[in-house]
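*Asks:* Kindly return the folded structure for what I paste below:
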Amino acid sequence: HSNSRAVDHSTVRRSLPRSYSFEYWCESRDPSPRQQAALLAKHLSIKHRSDTQRSKHCEPHSAAMANDEPPAWEVEADDSPPAKEIILEACCDSRESVRNAVKGGASRVEICARASLHVGGLTPSPTLVRAALEESKDVVALVRVRSGDFVYTEEELRDMVAEVQTLRSVGCRGFALGCLGADGSIDEAATSTLIEAAGTNATICFHRASDEVLRRAKDLRAVDRVATALERLGCARILSSGGAATARGGRSTLWALQKACARRRIAVVVAGGVSEANAGLLVRDTGCTQLHAATALTNEVARAAPTSLFFATERVVCVGTDDGRLV
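*Replies:* Below is the predicted model of the structure:
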């Protein structure tokens with residue numbers, strides 16, 4: 001072993017896992033030929049030296065080696081990325097559903113008007129927003145004056161400005177909003193008017209009006225245009241299914257959207273049929289770490305509490321809870 005020759009780097013590179021950079025290790029630590037051979041032997045699962053040989057030929061370089069602990073160069077560095085922190089946002093339409101969502105692990109709540117989730121949600125009342133703020137630390141109020149498309153008249157825009165100002169007066173600082181033009185693109189002027197009414201310290205999420213833009217897109221360049229518009233508006237998040245009926249069907253677009261928005265420090269919140277069954281798939285395939293699930297609480301469900309309802313493409317699915325966690 002004292003006459004060990006340097007190990008061929010190409011051989012080592014082929015033998016090591018892809019996550020481990022032998023060249024980086026060598027450049028940063030400058031190992032001897034014997035250390036290089038020890039590293040290669042470890043990854044090839046070959047016993048490089050017997051205990052007798054180790055005591056005969058190798059002097060301990062540290063107290064750890066003297067105690068038969070593996071030397072530093074034989075311990076593979078853990079370069080695996082840290083686990084992603086997943087943020088669950090629950091869309092609720094009552095105080096009871098907010099309470100159950102928080103108990104079930106939701107980090108954020110989007111509050112909508114009562115019994116409006118079947119049309120995509122409408123602007124909640126100040127009383128409901130105040131109640132939601134008492135139950136959750138992070139509340140986002142939906143701003144939508146009516147169901148249907150997101151092309152608003154001047155009168156409707158004035159009504160939404162008044163709604164934003166009213167909700168702000170009861171302490172709300174998070175808003176989900178958005179306006180589109182007749183051509184299906186983001187109406188930055190109208191959206192900016194709502195954002196100004198929300199105040200400089202408000203957190204803005206561009207809601208699922210974005211999906212109408214992405215649905216009409218002919219290529220992925222539209223994704224970059226959406227991200228650029230959101231950056232100009234100062235939005236912190238965008239809620240989207242990638243322009244598809246469900247997030248599962250829009251995974252490829254969501255992946256591109258996440259990449260474009262990440263460069264602009266905008267978070268993508270995945271929405272559309274999100275459930276416990278597909279949450280892991282969506283996080284893996286899109287790279288997004290924020291998920292949005294719609295819930296509602298009815299009298300029938302309340303009698304069987306704790307239980308929540310999840311909407312998946314407007315189909316109601318009962319989901320129970322186990323020790324306060326959604327299952």
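
*Asks:* where along the stretch 101-250 of the chain do the strands fall?
*Replies:* Ranges of strands in the stretch 101-250 of the chain, per DSSP state E, counting those that start in this stretch, are 108-111, 139-142, 174-177, 203-206, 237-240.

*Asks:* What pLDDT is listed against residue 84?
*Replies:* For residue 84, the pLDDT comes out at 70.

*Asks:* what secondary structure does it sit in?
*Replies:* coil (DSSP: H, G, I helix; E, B strand; the rest coil).

*Asks:* That one: neighbouring residues, count only.
*Replies:* 11 (other C-beta atoms under 10 Å). (Glycine included, C-beta is placed from N, CA and C.)

*Asks:* and if you look at residue 219?
*Replies:* Neighbours of residue 219 (other C-beta under 10 Å): 6.

*Asks:* Could you do residue 267 as well?
*Replies:* Using other C-beta under 10 Å, residue 267 has 17 other residues around it.

*Asks:* The residue lying closest to it once chain neighbours are set aside: neighbour count?
*Replies:* Excluding the flanking residues, the one nearest residue 267 by C-beta to C-beta, 6 or more residues apart in numbering is residue 237, at 4.6 Å. Using other C-beta under 10 Å, residue 237 has 24 other residues around it.

*Asks:* and residue 237, how far is that from residue 140?
*Replies:* 9 Å (C-beta to C-beta, to the nearest Å).

*Asks:* Run through the residues that contact residue 120.
*Replies:* For residue 120, the contacting residues are 144, 147, 208, by C-beta atoms under 8 Å, 6 or more residues apart in numbering.

*Asks:* same question but for residue 254, I mixed them up
*Replies:* Contacts of residue 254 (C-beta under 8 Å, 6+ apart): 240-242, 247, 268, 270, 282, 285-286, 288.

*Asks:* do that again at 7 Å, thanks
*Replies:* The contact partners of residue 254, by C-beta atoms under 7 Å, 6 or more residues apart in numbering, come to 240, 242, 247, 268, 270, 286, 288.

*Asks:* Quick one: classify it as helix, strand or coil.
*Replies:* Per three-state DSSP, the local secondary structure of residue 254 is helix.

*Asks:* how near is it to residue 268?
*Replies:* For residue 254, the distance to residue 268 equals 7 Å [C-beta to C-beta].

*Asks:* shared neighbours of the two, which are they?
*Replies:* 240, 288.

*Asks:* coming back round to it: quick check: neighbours shared by residue 237 and residue 140?
*Replies:* Counting by C-beta under 7 Å, 6+ apart, the shared contacts of residue 237 and residue 140 are residue 205.

*Asks:* Residue 146: neighbour count?
*Replies:* By other C-beta under 10 Å, the residues close to residue 146 number 13.

*Asks:* Please apply the same query to residue 183.
*Replies:* Neighbourhood size, residue 183 [other C-beta under 10 Å]: 9.

*Asks:* What of the one 3 residues further on?
*Replies:* Other residues lying near residue 186 total 24 when counted by other C-beta under 10 Å.

*Asks:* counting residues per helix, which one in the chain is longest?
*Replies:* helix 154-169 (DSSP state H).
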